[in-house]
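**Q** Using only what follows, build the 3D model:
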Amino acid sequence: MPVMTAVPAVREPARLLYPLFAALAMLVLAASAQASPLATPAELSVRLSDPALRVIDIRDGKDDTGKTPFERGHIAGSLPAPYSKWRGPKDNPGALPSKDALTALVQSLGITATTPVAIVYAGANSTDFGAAARAYWTLKAAGVKELTILNGGIKAWTAAGLPLSADAPRAVARSDFTVTLDPALVATRADVERALGGITLLLDARPPAFFNGETRHAAAKQPGTIAGAKNVDNAVWFAPNGTLLPKPQVRQVAQAHALDLSQPTVSFCNTGHWAATNWFVLSEVLGQKDVKLYPESIVDWSKSGGAMDNVPSRLQQFWMQIRDALAG
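**A** Residues are numbered from 1 along each chain as shown. As a prediction, this is how the structure comes out:
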């Protein structure tokens, strides 16, 4: 008599499970994007269906026809908030906007402390990333908890074959959020004065020519750097295509520059732009606990009469002024 075997229960064909697997994959991508200060185009694309997400496009300027970058094409559902709105006046561009102005800007974008925010920039180069890092730092200092930057910006988005929209900005309800700046993230001039000669690392994010006093920002009173500062050019963290390096490589770069992540650090540059990148890398990518950004940076410090290194002689500065005038 033949041996009888149990007949397995009939199951749905495997193809019917594909949508479930795809949905799970999308959830994994979304979760990884939320947990990271950087998002790939694929990760951000998955999150666009979340109505709570605010995608903030900080690209500035206009083309010859008067159109803004946002008007020419943007990620669907994003909101324009040009970088100039996150900055100070022309004579001190690194300064934060007033508390009232910053509160009004954040409220107009419908952002609260718990709103997930993705920051989008052009992606032209490492300097362009500094704009996104500065907006990220400003929002974090203002009390916003969940932030990410689209690594590589619009350049990476389009390179990934993802679409842009020409639609008008979507309507969002104004929030009632009030900005309260976190002193643990914002270094003042007084903080820098206290740091001189102490254990706090003063980290200059500018290219070496600025650090060495060979050139200066137009709004700075004189060339040079804050006394005792260490120079790590913000450009060292980037791949040739302008995207921030993966975390393991970022850590290797930090080690190559002998950066101690346990050392209190104040990041600065000319106007708190390049410095925002060094702050972002140390704080958000590598997890350093005690790192601040000095937003006004050298433009403010050089006008204060604070101690400086690498300051050229008056004659050298005179020739620099002539050189710059001829170059302009």
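**Q** Quick check, K230 in contact with D204.
**A** Yes. Shown here, K230 and D204 form a contact pair, counting by C-beta atoms under 8 Å, at 6.7 Å. C-beta coordinates here come from the backbone N, C-alpha and C atoms, glycine included.
**Q** More neighbours: those two, which one.
**A** Between K230 and D204, counted using other C-beta atoms under 10 Å, the more crowded position is D204 (28 against 14).
**Q** Bridged to that one, which residues?
**A** D204 has the following beta-bridge partners by DSSP bridges: N231, F268.
**Q** That one touches I226, doesn't it?
**A** Yes. Between D204 and I226 there is a contact at 7.1 Å, judged by C-beta under 8 Å.
**Q** Could you pull up phi and psi at D64?
**A** Dihedral pair for D64: phi -60, psi -20, per degrees, to the nearest 10.
**Q** Residue numbering should commence at 13 henceforth.
**A** From this message on, residue numbering opens at 13, which makes the last subject D76.
**Q** Please report the distance of it from A134.
**A** Applying C-beta to C-beta, to the nearest Å, the value for D76 to A134 is 17 Å.
**Q** the more surrounded of the two?
**A** Using other C-beta under 10 Å as the criterion, D76 and A134 rank with A134 on top: 21 against 5.
**Q** In contact with the more buried one, which residues?
**A** R71, P81, D140, G165, I166, K167 (C-beta atoms under 8 Å, 6 or more residues apart in numbering).
**Q** what about the first one, neighbour count?
**A** Same thing as R71. R71: 23 neighbours (other C-beta under 10 Å).
**Q** nearest residue to it other than its sequence neighbours?
**A** For R71, ignoring the flanking residues on the chain, the nearest one in space by C-beta to C-beta, 6 or more residues apart in numbering is P81 at 3.8 Å.
**Q** residue ranges of the strands in the stretch 163-312 of the chain, please?
**A** Using DSSP state E, counting those that start in this stretch, the strands of the stretch 163-312 of the chain run over 213-216, 237-238, 242-243, 277-280, 303-305.
**Q** Need those in CSV (columns: distance to A54).
**A** As requested, these are exported to CSV (distance: least, C-beta to C-beta, whole Å):
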stretch, distance to A54
strand 213-216, 33
strand 237-238, 40
strand 242-243, 36
strand 277-280, 30
strand 303-305, 29
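**Q** Format those as CSV; extra columns: mean pLDDT and distance to P53.
**A** CSV is the format used below for the strands of the stretch 163-312 of the chain (pLDDT from 0 to 100; distance: least, C-beta to C-beta, whole Å):
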stretch, mean pLDDT, distance to P53
strand 213-216, 98, 30
strand 237-238, 98, 37
strand 242-243, 98, 33
strand 277-280, 98, 27
strand 303-305, 98, 27
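**Q** If you count neighbours, what's buried in stretch 95-112?
**A** Neighbour-count burial for stretch 95-112, counted by 16 or more other C-beta atoms under 10 Å, picks out Y95, K97, W98, R99, G100, N104, P105, G106, A107, L108, P109.
**Q** do stretch 113-132 as well
**A** Buried positions in stretch 113-132, judged by neighbour count with 16+ other C-beta under 10 Å: 114-115, 117-119, 121-124, 127-132.
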